[in-house]
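Asker: Fold the following, please.
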Amino acid sequence: MTKGYVAVDLGAESGRVIVGSLADGQVALEEVHRFTHNPVWLPTGLHWDITNLWLEICRGLRKVAEWAEQGGSGQRAAAGHPVELVSVGVDTWGVDWALVSRSGDLVGLPHAYRDPRNPEACQEVVDRLGLDTIYQTTGIQQLPFNTLYSLYAQWNQNRETVEGAEQLLFIPDLLHYWLSGQRVVEATVASTSQMVDCHTGDWSKSLLDPLAIPTHILGPISPPGTKVGRLRAELAKETGLPAELVVVAPASHDTASAIAAVPATSTAGDWCYLSSGTWSLLGAELTEPCVTAAAQEAMFTNELGVEGRIRFLKNIAGLWLVQECRRDLIRQGQEFSYAQLTQQAAQASSFRTLVDPDHGAFLSPGDMLNKIDQYARQTGQPEPRNPGEVVRCCLESLALAYRQTLGKLEDVLEKRFTHLHIVGGGGRNGLLNQMTADATGKTVCVGPFEATATGNTLVQALALGHLDSLDQLRKVVADSFALETYTPAAGDSWQEAYTRYLGLVE
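Answerer: Coordinates of the predicted model:
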């Protein structure tokens, strides 16, 4: 009987509950539930609507049980392979956390990483500890919303909640706790916190001690693929799922799951990756952290991956810009799908307006169209005149940001890459894929689009002994999905645009 693994995959604006099935060396995915979610503004700041997230997950789990009871409706069932559900695991975005009491109660609602209280806390921590100390210890890219700063902000504003808590759990850890009743802090998501020593893989309490943040809330860190426990009996009854379902902490940071699913079978190390979605994460896979002066200056991050690999990467704003522009257009009464916006962008003039995707004003939600107009005016460029021009501005600027970051990656590691693997939902944007090939001069291999759910699924399989290694996992991915290849087009226009772009960002 085909083994089925339930992947709960939560992004920053949407969630999916997916059944991944493994048979004959191939994996197939069946999406059974999809939902949107957004943070909410409360008097205490920007928070995740965590109980609504949980309700949607439970709805998805009920649909999984119904799907399995009906014999499945996907590729495996159609091929005569009934699916036996064996495990469930959650992945989410990084850095965000919750506090639980000794009794297991949630202590307040988790703050969202774009909460405006974080930048001030970040500056105070940097002033007290120093950037060199922070980076050399943690190897993490300096971003104002890292856990180190959001926890410090909470400690300053409401320290009784921190003092009174028993444990800090990251968002996927919290959801695994609600699934199983057992608490585990998973390594890949913990590593995004900027509180883990990248050389030891354990909490850097020496970094936190000068800030007086209580460290009793930091529990042991467990590797990806840890069996957390069994599904709670009452939840099994509520959803109809098997009581023996194993709750597995996969690579619980969504990017870690996505990178695990990069279908790179080459052992020559000539590939790098781009996980494309709300955020773009561009980097390479290493066996040891790299915290050289060049790495620090370029501000690359060293996050943990599967089998002890290091995700050496840099965060770029990603398709967040396009998502925010679309939300603004909808508020103005102009409702376009992403496909329609991309089509309009393809018909717009090239390189009319460029922006720095990581410009500080673009990081906060809201009013993105006006922010881009203001940036254009401040930099002496024409303002985009219609949705096609503004989206083309975002996509071309992203492709140029990828070129800049990839160049820094090669310089820091003193090696050259021939192939760039793009995984994740952003890979569906063929226009951006071709722009990326043209801008970087690299062969771009795209797929799978559901890389995070694929990685989540197959790390569960690895945890249960149904796969032997990360290399075998990646072979399964390569054998399971049709990949698309984009080759760079000849011409000087991208070089000219890149020179303009560097003038803007540097």
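
Asker: Extract the residue ranges of the stretch 1-150 of the chain that are flagged as low pLDDT.
Answerer: For the stretch 1-150 of the chain, the stretches flagged by pLDDT under 70 are 71-81.

Asker: Would you state the helices of it in chain order?
Answerer: 50-69, 75-78, 118-129, 131-138, 147-157 (DSSP state H, counting those that start in this stretch).

Asker: How about the stretch 401-506 of the chain?
Answerer: Under DSSP H, counting those that start in this stretch, the stretch 401-506 of the chain gives helices at 430-440, 451-463, 470-480, 493-505.

Asker: try the stretch 151-300 of the chain
Answerer: Ranges of helices in the stretch 151-300 of the chain, per DSSP H, counting those that start in this stretch, are 159-164, 171-180, 187-190, 205-208, 233-239, 254-260, 293-298.

Asker: Relative to L313, which of those helices is closest?
Answerer: Distance to L313, taken as Cβ to Cβ, is lowest for helix 254-260 among those, at 7.7 Å. Backbone N, C-alpha and C define where each C-beta goes, glycine included.

Asker: counting contacts, what elements does the closest one pack onto?
Answerer: Where contact means 3 or more Cβ pairs under 8 Å, 6 or more residues apart in numbering; DSSP states H and E, helix 254-260 is packed against strand 2-10, strand 83-91, strand 271-276, strand 280-286, strand 301-304, strand 310-316, helix 451-463, helix 470-480.

Asker: With distance to D127 and mean neighbour count as added columns, please give the ones you listed in TSV.
Answerer: Output for those, formatted as TSV (distance: least, Cβ to Cβ, whole Å; neighbours: other Cβ atoms under 10 Å):
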stretch	distance to D127	mean neighbour count
strand 2-10	34	26
strand 83-91	34	26
strand 271-276	32	27
strand 280-286	28	23
strand 301-304	21	26
strand 310-316	23	23
helix 451-463	36	29
helix 470-480	40	18
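
Asker: Now render those as CSV, adding distance to V391.
Answerer: Shown next, in CSV, are the helices and strands packed on helix 254-260 (distance: least, Cβ to Cβ, whole Å):
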stretch, distance to V391
strand 2-10, 26
strand 83-91, 28
strand 271-276, 15
strand 280-286, 16
strand 301-304, 28
strand 310-316, 17
helix 451-463, 23
helix 470-480, 30
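
Asker: Correct me if wrong: A489 contacts T436.
Answerer: No. Because the distance of 11.7 Å does not satisfy Cβ atoms under 8 Å, A489 is recorded as not touching T436.

Asker: Tell me which of these two has more neighbours.
Answerer: Legend: neighbour count by other Cβ atoms under 10 Å for A489 and T436, higher for T436 (31 against 12).

Asker: domain assignment for this protein?
Answerer: The record's domain parsing of the chain by automatic domain parsing lists 2-249, 262-447+468-506.

Asker: So, low pLDDT: which residues of the protein?
Answerer: Those would be 71-81, 266-269, if you go by pLDDT under 70 across the chain.

Asker: and if we set it to 80?
Answerer: The model of the chain has pLDDT under 80 over residues 1, 71-81, 265-269.

Asker: re the thing from before, can the helices of the stretch 151-300 of the chain go into TSV with extra columns for distance to T92 and mean neighbour count?
Answerer: Formatted as TSV, the helices of the stretch 151-300 of the chain follow (distance: least, Cβ to Cβ, whole Å; neighbours: other Cβ under 10 Å):
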stretch	distance to T92	mean neighbour count
helix 159-164	21	14
helix 171-180	5	25
helix 187-190	7	30
helix 205-208	23	16
helix 233-239	19	14
helix 254-260	6	31
helix 293-298	26	16
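
Asker: Distance to W279 for the ones you listed - can I get that in CSV?
Answerer: As requested, those are exported to CSV (distance: least, Cβ to Cβ, whole Å):
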stretch, distance to W279
helix 159-164, 27
helix 171-180, 15
helix 187-190, 14
helix 205-208, 25
helix 233-239, 31
helix 254-260, 8
helix 293-298, 17
